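Q: build the 3D model from these lines:
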Amino acid sequence: MTTITDRNVGNQFNFNAMNSIISVANAGTNELYASLPSEIREELEKHESHVTMARGQRLLDCGVLPKQVMILSSGTVEISVPSAEGEISLGIAGPGKVFGMRAAVSGEGPEIDVTTLENCEVTVIPAPEFLNVLQNNPQMYFAVAKVLSADLKIADQLIRNCARRAPARRI
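A: Next up, the predicted model:
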């Protein structure tokens, strides 16, 4: 299960890659691999490397196309967006969260920054190899859609929470 904490109000939102029934933690994997057949997971694992990132390092930079898809294996990261006033924190994510996948699939830079809050273990898959496995395994598209849908749900929840805190305006 991927947990995101809204630091502005301290609420935790638990989101799953599949839906509210299946937990990534129960699958012993991450939000993408939880939805994949073992043969596709094994094919992706052939391209994996594992790195340790120190506290304060960026996994993703807003607007900069990443060269890899990253899976947070341990530790926590802060997800934020740049603004004229500085960084606005959207929340904190822990192990199992996948980053850079939307950018790899779309070819567009991410709209977020992702920064490690402590030393983190990260599984890295080069974007070209990830896309090659994706193109050769059409059943993988459904798993990718589930992860992107979960990200959309998180974004929707954050927007709704912000709207609830804002003063009402008459139209």
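
Q: give me the distance between Ser149 and Glu87.
A: Going from Ser149 to Glu87 by Cβ to Cβ, to the nearest Å gives 26 Å. Every C-beta, even on glycine, is put in place using the N, C-alpha and C of the backbone.

Q: can you check Arg160 too?
A: Separation of Arg160 from Glu87 (Cβ to Cβ): 21 Å.

Q: now do Glu43
A: Applying Cβ to Cβ to Glu43 and Glu87 gives a distance of 37 Å.

Q: what about the two, which has more around it?
A: The neighbour count for Glu43 versus Glu87, taken as other Cβ atoms under 10 Å, is higher for Glu43 (17 against 13).

Q: assign a three-state SS to the more buried one, would you?
A: helix (DSSP: H, G, I helix; E, B strand; the rest coil).

Q: so how many other residues sit close to the residue lying closest to it once chain neighbours are set aside?
A: Leaving aside its sequence neighbours, Glu43 sits nearest to Val133 (Cβ to Cβ, 6 or more residues apart in numbering; 5.3 Å). Val133 has 18 neighbours, counted by other Cβ under 10 Å.

Q: go on, Ala145?
A: 12.

Q: what helix or strand does it sit in?
A: Per DSSP states H and E, Ala145 falls inside helix 140-165.

Q: buried stuff in that helix?
A: 140, 143-144, 146-148, 150-151, 154, 157-158 (16 or more other Cβ atoms under 10 Å).

Q: which strands or helices does it pack on?
A: strand 2-6, strand 11-15, strand 86-93, helix 101-106, helix 127-136 (3 or more Cβ pairs under 8 Å, 6 or more residues apart in numbering; DSSP states H and E).

Q: between these, which has the poorest mean confidence score?
A: Across the helices and strands packed on helix 140-165, strand 11-15 has the smallest mean pLDDT, namely a mean of 37.

Q: so how many other residues sit close to Thr52?
A: Counted with other Cβ under 10 Å, Thr52 comes out at 13.

Q: just checking, it touches Glu121?
A: Yes. Counting by Cβ atoms under 8 Å, Glu121 is a contact partner of Thr52 at 5.8 Å.

Q: low-confidence bits of the protein, can you list those?
A: For the chain, the stretches flagged by pLDDT under 70 are 1-28, 166-171.

Q: sorry, back to before: may I see the buried residues of helix 140-165 arranged in JSON lines, with distance to Pro110 as well?
A: Output for the buried residues of helix 140-165, formatted as JSON lines (distance: Cβ to Cβ, whole Å):
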{"residue": "Met140", "distance to Pro110": "21"}
{"residue": "Ala143", "distance to Pro110": "20"}
{"residue": "Val144", "distance to Pro110": "15"}
{"residue": "Lys146", "distance to Pro110": "19"}
{"residue": "Val147", "distance to Pro110": "14"}
{"residue": "Leu148", "distance to Pro110": "12"}
{"residue": "Ala150", "distance to Pro110": "16"}
{"residue": "Asp151", "distance to Pro110": "11"}
{"residue": "Ile154", "distance to Pro110": "14"}
{"residue": "Gln157", "distance to Pro110": "19"}
{"residue": "Leu158", "distance to Pro110": "16"}
